[in-house]
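J.: below are the sequence and a predicted model; questions follow.
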Amino acid sequence: MVRRNRNDSVPVSMMWARFVIRSNRAFTQSGIGKHRGPFGERQVGRYDNRRPLGPLRDHLGVEFFCATAVGADIRLNELDNMHNAEFISIGTRKESWMYLPVTELKGVLPALVFLEAVSKREPAPFGPKVVVIGSGNAAVDSTRTALRKGSAVTVIYRRERKDMPAIKEEADAAEAEGARFVFLATPHRIVPDEHGGVKGVEVMKTRLGEFDSSGRRKPVPTEEIRRHACDTVIQAVGETVDPDFARGSGLKIAPSGVIEVDRFTLETSRNKFYAGGDAITGASDVSNALGLGKKAARNIDQRLMGASRFDRIMPKFEYGQTPPEQPSASKRREISARPARAELQRSHVRPGRGGGPERSRPLSALRHKRKSARPPHA
């Protein structure tokens, strides 16, 4: 199994491993990149308000080869000779970059670099005033992380709030924790200071024009320029599949820039190599990655064993459409008194930046283990 440390590579590879193990296949995971943990971007690219990873790491029953760069430490041809099948879930590791004048300044950095440095407790080059360019989940994660580190954060987005691709609850929580959002504005120029740093960002106001292929109205620049003072600019404008790795591996690339696969089997242009997750769909969500990991495991097992065994491993649920007269006995249906709404809200928040409430808290290890044990349909 070949995996890079980014984004959906973790859920898709873990789901694939789960079903491969259940079908009694030998399994090895080779991480691609410099990270020394098996959980990639879910481990080093997110702050501590995410799920703890200890329960996942301790209950997988998988052999990991971390800090092993495929292409440098080991080549795909060697993996091909060592295994009967390989699954590639390299995710979208390569940062998209908005090329503005003087983006080489020391105060300008990609979102993933910033999140990784903070997560690994390394010195992160950011100051008290941060501007985040973007509106996706990486942008919101960067915003909330900078807020927790004591910075004042302004988010620049070229469309309206309703067009943000980030999870709405996450964006609302960021605003509640103190982030300032500037909509209908696109970056025009980064303003340098006399020491080679950043002292501000100039943005051009936009208006919405005709609808584009994404179903959203296209932002049209105007002539109005405004400046926002800052000492750090975090670019979070998206990620793409690393084309150099894919081409160097002998894999065919689709015109959209993702790895081309057979849509039914998920096999790539290279025999015995399968792929899934963002590497074949582009930036997507965890649910799609989980489904593709399961689909790839089914197809690989069927090819190696010459029979479809997944219906036996994962039997289908059979149920009728008539509701029962009485609910079945279950602790989940026990009715207990709940505290008043105000008291419930106070018990679920803790102080954030400046003493304000933090809108989300990490799951405990026990709660995470219980959620992980639930079937995907639950």
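T.: Yep, it's here.

J.: so where's the stretch 251-378 of the chain uncertain?
T.: 315, 330-363, 368-378 (pLDDT under 70).

J.: show me the helices in it, by range?
T.: In the stretch 251-378 of the chain, the helices defined using DSSP state H, counting those that start in this stretch lie at 278-281, 286-305, 310-313, 341-347, 365-373.

J.: any chance of the ones you listed in CSV, plus distance to P255?
T.: The way it works is simple: take the backbone N, C-alpha and C, and place the C-beta from them, glycine included. Converted to CSV, these look like this (distance: least, CB to CB, whole Å):
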stretch, distance to P255
helix 278-281, 13
helix 286-305, 20
helix 310-313, 32
helix 341-347, 49
helix 365-373, 37
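
J.: turn these into TSV, including mean neighbour count and distance to V132.
T.: What follows is the helices of the stretch 251-378 of the chain, written out as TSV (neighbours: other CB atoms under 10 Å; distance: least, CB to CB, whole Å):
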stretch	mean neighbour count	distance to V132
helix 278-281	26	21
helix 286-305	20	22
helix 310-313	12	43
helix 341-347	10	27
helix 365-373	13	28
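
J.: quick one, phi/psi of the spatially closest residue to K252 that is not a sequence neighbour?
T.: Nearest in space to K252, with sequence neighbours left out and distances taken as CB to CB, 6 or more residues apart in numbering, is S269 at 3.7 Å. Dihedral pair for S269: phi -70, psi -10, per degrees, to the nearest 10.

J.: do H195 as well
T.: When read as degrees, to the nearest 10, the backbone of H195 gives phi -110, psi 10.

J.: what is the neighbour count of it?
T.: Neighbours of H195 under the rule other CB atoms under 10 Å: 10.

J.: how much space between it and A124?
T.: Plainly put, H195 is 19 Å away from A124 if you go by CB to CB, to the nearest Å.

J.: please apply the same query to R144.
T.: 14 Å.

J.: who has more neighbours, those two?
T.: Taking neighbours as other CB under 10 Å, R144 and A124 compare with R144 leading, 25 against 18.

J.: OK, contacts around the closest residue to that one other than its chain neighbours?
T.: Leaving aside its chain neighbours, R144 sits nearest to A174 (5.1 Å; criterion: CB to CB, 6+ apart). Residues counted as contacts of A174 (CB atoms under 8 Å, 6 or more residues apart in numbering) are 140, 143-144, 147, 153, 155.

J.: pretty sure A174 sits in a helix.
T.: Yes - assessed with DSSP: H, G, I helix; E, B strand; the rest coil, A174 lies in a helix.

J.: the strands in the stretch 201-350 of the chain, which residues?
T.: Applying DSSP state E, counting those that start in this stretch to the stretch 201-350 of the chain gives strands spanning 217-229, 232-235, 239-240, 273-275, 350-351.

J.: mean neighbour count and distance to R367 added to the ones you listed, as a markdown table?
T.: Listed next are the strands of the stretch 201-350 of the chain as a markdown table, based on neighbours: other CB under 10 Å; distance: least, CB to CB, whole Å:
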| stretch | mean neighbour count | distance to R367 |
| --- | --- | --- |
| strand 217-229 | 14 | 40 |
| strand 232-235 | 26 | 31 |
| strand 239-240 | 20 | 30 |
| strand 273-275 | 25 | 33 |
| strand 350-351 | 10 | 16 |
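
J.: by mean pLDDT, show me the worst of those.
T.: If you rank the strands of the stretch 201-350 of the chain by mean pLDDT, strand 350-351 sits at the bottom with a mean of 48.

J.: now distance to E210 too, for the strands of the stretch 201-350 of the chain, in TSV please.
T.: TSV is the format used below for the strands of the stretch 201-350 of the chain (distance: least, CB to CB, whole Å):
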stretch	distance to E210
strand 217-229	6
strand 232-235	27
strand 239-240	26
strand 273-275	35
strand 350-351	45
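
J.: which among the ones you listed is found nearest to G250?
T.: strand 273-275 (8.6 Å; CB to CB).

J.: any idea how far the most far-flung residue of the chain relative to its centre lies from Y319?
T.: Using CA atoms, centre = their mean, the residue of the chain lying farthest from its centre is E325. It sits 43.1 Å away. According to CB to CB, E325 stands 16 Å off from Y319.
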